[in-house]
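Colleague: here is the input, now give the coordinates:
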Amino acid sequence: MSNTSFIIQHFADKVEYKCEGFLEKNRDTVYDMLVEILRASKFHLCANFFQENPVPSSPFGSAITVKSAKPVIKPNNKHFRSTVGSKFRGSLYLLMETLNATMPHYVRCIKPNDEKLPFEFDSKRIVQQLRACGVLETIRISAQSYPSRWTYIEFYSRFGILMTKQELSFSDKKEVCKVILHRLVQDSNQYQFGKTKIFFRAGQVAYLEKLRLDKLRQGCVVIQKHIRGWLQRKKFLRKRRAALIIQQYFRGQQTVRKAVTATALKEAWAAIIIQKYCRAYLMLEEHKAVILQKYARAWLVRRRFQNIRRFVINIQLTYRVQRLQKKLEDQNRENHGLVEKLTSLAALQAGDVEKIQKLESELDRAATHRQNYEEKGKRYKASVEEKLAKLQKRNSELEIQKEQIQLKLQEKTEELKEKMDNLTKQLFDDVQKEERQRILLEKSFELKTQDYEKQIRFLKEEMKALKDEKMQLQRQLEGERVTSDGLKGEVARLSKQAKGQLKAPM
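Modeller: Residues are numbered from 1 along each chain as shown. As a prediction, the model looks like this:
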């Protein structure tokens, strides 16, 4: 491929574009007079096309220059005039700057209609072009994967309002973004972390925006609450200050009134107190003889009462002494009766001692008989224990045989299971191979399936034989269990008989 063409990989196929002679065809000079006339046009769209713009810098760097494929003779004059090619180049640079400043997923050129008429929009034709370019499929795939993406800095600045104080204290913004996403979005499949960006599934950014709006709404409510509270508090303080001033003036007036009435009351009370003391003095002077008579009569009555009380106490003491003397005499008579009873009880105790001695001698003879019976019981118990040991040994041998049979049965079942697993695994591998080579190896597949069916039949027969063998072993185990139960019953019967024989002599 030469320097005058280039290839772009489109969705449908590779397309070659040739630019031979492009600069030569667009070297027509744009005269300043014509440009000024077009700038002064009343048609705003035409005037905007020819407005002065700053010279755009190449988005590819200063090292890249555009040259014609054919050598061109340079003009002698040093005055540079803008051409159609330079205008096109400037527009191209502005387009590249716009594309680099945004985050496009794709760039497609769509014709609104085949006739290239203005203000005509053929929807069917545009849908065909979008389908041919793969835009619809790309949008569908993007919607099923992660259509939304944010850099960590953008996410931090946008959704920093949703972070807690502890999360804002972290220095690593990338780690803070991960922590807040784990907290807000419970399903980890709804987002993925990249090196510089965060990728979201459809609907997750809207959910985060809703949380952000709810947070802002809550903040607005809190601010309104505090402002309204401050206004109401200010209004209340103003009213309270006015009420305090009114109370102050009212209380001052009340104190003045009370001071005037208090002086009058003090003078009235002073006159009443003087009258009280004067009347009390006059009454004391009049009633002195009555008071002396009162104290004299009280002393006489008190002395008479003390004499009467002393006489009554003497009578009570004599009566109580007589009662105590009578009780002492009765107690002496009861003591003589108790002494006689003690003597009779001592005689009876001597007879009981003789009886106890006789009973002790009889107990000694019974102890010797018991010792003889215990020796006989020990000998019988030893013989019974020997029989029990033999039976237990037989029982342990039977249990060992039972465990061996169970181990054989388990080994057989595991071997059969391993064969079946190997066979199924082999079948699965063969089926996968046959699926890849289904068209070429159909006949060989049928032969192999027949062989596998034969093997399966053979294994089923072998499995059936193993099941029969398992049933026989289970029957044998049941017979051994019955014999073991019989031996256990016999052991229990012998132990019961031994216990009965041990208890019989007693």
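Colleague: for the stretch 1-150 of the chain, which segments count as strands?
Modeller: Chain-ordered strands for the stretch 1-150 of the chain, with DSSP state E, counting those that start in this stretch as the definition, fall at 5-9, 14-18, 148-151.
Colleague: angle of the first one against strand 14-18?
Modeller: It refers to strand 5-9. Interaxial angle, strand 5-9 versus strand 14-18 (axes from the mean of the first three to the mean of the last three C-alpha atoms, to 10 degrees): 160 degrees.
Colleague: make TSV out of the strands of the stretch 1-150 of the chain and add mean neighbour count.
Modeller: Just so you know, the C-beta spots here come from the backbone N, C-alpha and C atoms, and that holds for glycine as well. Supplementary listing: the strands of the stretch 1-150 of the chain in TSV, determined by neighbours: other C-beta atoms under 10 Å:
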stretch	mean neighbour count
strand 5-9	10
strand 14-18	9
strand 148-151	17
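Colleague: now mean pLDDT and distance to Thr483 too, for the ones you listed, in TSV please.
Modeller: Below are the strands of the stretch 1-150 of the chain laid out as TSV (pLDDT from 0 to 100; distance: least, C-beta to C-beta, whole Å):
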stretch	mean pLDDT	distance to Thr483
strand 5-9	81	86
strand 14-18	81	89
strand 148-151	86	78
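Colleague: of the ones you listed, which is nearest Glu386?
Modeller: Using C-beta to C-beta as the criterion, the shortest distance between Glu386 and the strands of the stretch 1-150 of the chain is 89.1 Å, found for strand 148-151.
Colleague: tell me the secondary structure at Lys195.
Modeller: For Lys195, the reduced secondary structure class is coil; criterion used: DSSP: H, G, I helix; E, B strand; the rest coil.
Colleague: how close does it get to Trp269?
Modeller: For Lys195, the distance to Trp269 under the criterion C-beta to C-beta, to the nearest Å works out to 99 Å.
Colleague: the two - which one has more neighbours?
Modeller: Taking neighbours as other C-beta atoms under 10 Å, Lys195 and Trp269 compare with Trp269 leading, 10 against 6.
Colleague: nearest to Arg309, out of the strands of the stretch 1-150 of the chain?
Modeller: Proximity to Arg309, assessed across these by C-beta to C-beta, is greatest for strand 148-151 (112.5 Å).
Colleague: may I have the strands that pair with that closest one, each with its orientation?
Modeller: Taking DSSP bridges as the criterion, strand 148-151 pairs within the sheet with strand 197-200 (antiparallel).
Colleague: as CSV, could you dump the C-alpha coordinates of the partner strand?
Modeller: Taking only C-alpha atoms (Å, rounded to 0.1, in the frame of the first residue of the first chain), the coordinates of strand 197-200 have been written out as CSV:
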residue,chain,number,x,y,z
LYS,A,197,-11.8,3.6,35.9
ILE,A,198,-14.8,2.0,37.5
PHE,A,199,-17.3,0.1,35.2
PHE,A,200,-21.0,-0.1,36.1
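Colleague: so what secondary structure elements neighbour the helix or strand just after it?
Modeller: Once the chain leaves strand 197-200, the next helix or strand it forms, by DSSP states H and E, is helix 204-286. Based on contacts counted as 3 or more C-beta pairs under 8 Å, 6 or more residues apart in numbering; DSSP states H and E, the elements that helix 204-286 packs against are strand 148-151, helix 152-159.
Colleague: in JSON lines, list those along with distance to Met283.
Modeller: Supplementary listing: the helices and strands packed on helix 204-286 in JSON lines, determined by distance: least, C-beta to C-beta, whole Å:
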{"stretch": "strand 148-151", "distance to Met283": "107"}
{"stretch": "helix 152-159", "distance to Met283": "99"}
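Colleague: if we can go back for a sec, dump the strands of the stretch 1-150 of the chain to CSV, plus distance to Glu415.
Modeller: Putting the strands of the stretch 1-150 of the chain into CSV (distance: least, C-beta to C-beta, whole Å) gives the following:
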stretch, distance to Glu415
strand 5-9, 60
strand 14-18, 61
strand 148-151, 57
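Colleague: of those strands, which is nearest Lys258?
Modeller: Comparing the strands of the stretch 1-150 of the chain under C-beta to C-beta, the one sitting nearest is strand 148-151, at 78.2 Å.
Colleague: hey, C-alpha coordinates of that closest one in PDB?
Modeller: Coordinates of the C-alpha atoms in strand 148-151 are reproduced here as PDB (Å, rounded to 0.1, in the frame of the first residue of the first chain):
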ATOM      1  CA  SER A 148     -21.200   3.300  32.200                       C
ATOM      2  CA  ARG A 149     -17.600   4.100  33.300                       C
ATOM      3  CA  TRP A 150     -16.200   6.700  35.600                       C
ATOM      4  CA  THR A 151     -12.600   7.500  36.500                       C
END
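Colleague: and that strand, how far from the chain's centre?
Modeller: The gap between where strand 148-151 is centred and where its chain is centred comes out at 29 Å by C-alpha atoms, centre = their mean, to the nearest Å.
Colleague: need the residues that contact that strand.
Modeller: The set of residues that contact strand 148-151 without belonging to it, under C-beta atoms under 8 Å, 6 or more residues apart in numbering, is 103, 158, 194, 196-202, 204-205.
Colleague: write a PyMOL command that selects only the buried members of these.
Modeller: Isolation of the buried members of these (16 or more other C-beta atoms under 10 Å) is achieved in PyMOL through the command below:
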select buried, resi 197+198+199+200+201+204+205
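Colleague: could you save the contacts of strand 148-151 as CSV and add columns showing distance to Leu95 and pLDDT?
Modeller: Shown next, in CSV, are the contacts of strand 148-151 (distance: C-beta to C-beta, whole Å; pLDDT from 0 to 100):
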residue, distance to Leu95, pLDDT
Met103, 15, 68
Arg158, 28, 90
Gly194, 27, 89
Thr196, 25, 90
Lys197, 24, 91
Ile198, 29, 89
Phe199, 27, 88
Phe200, 29, 88
Arg201, 31, 86
Ala202, 29, 82
Gln204, 32, 87
Val205, 28, 88
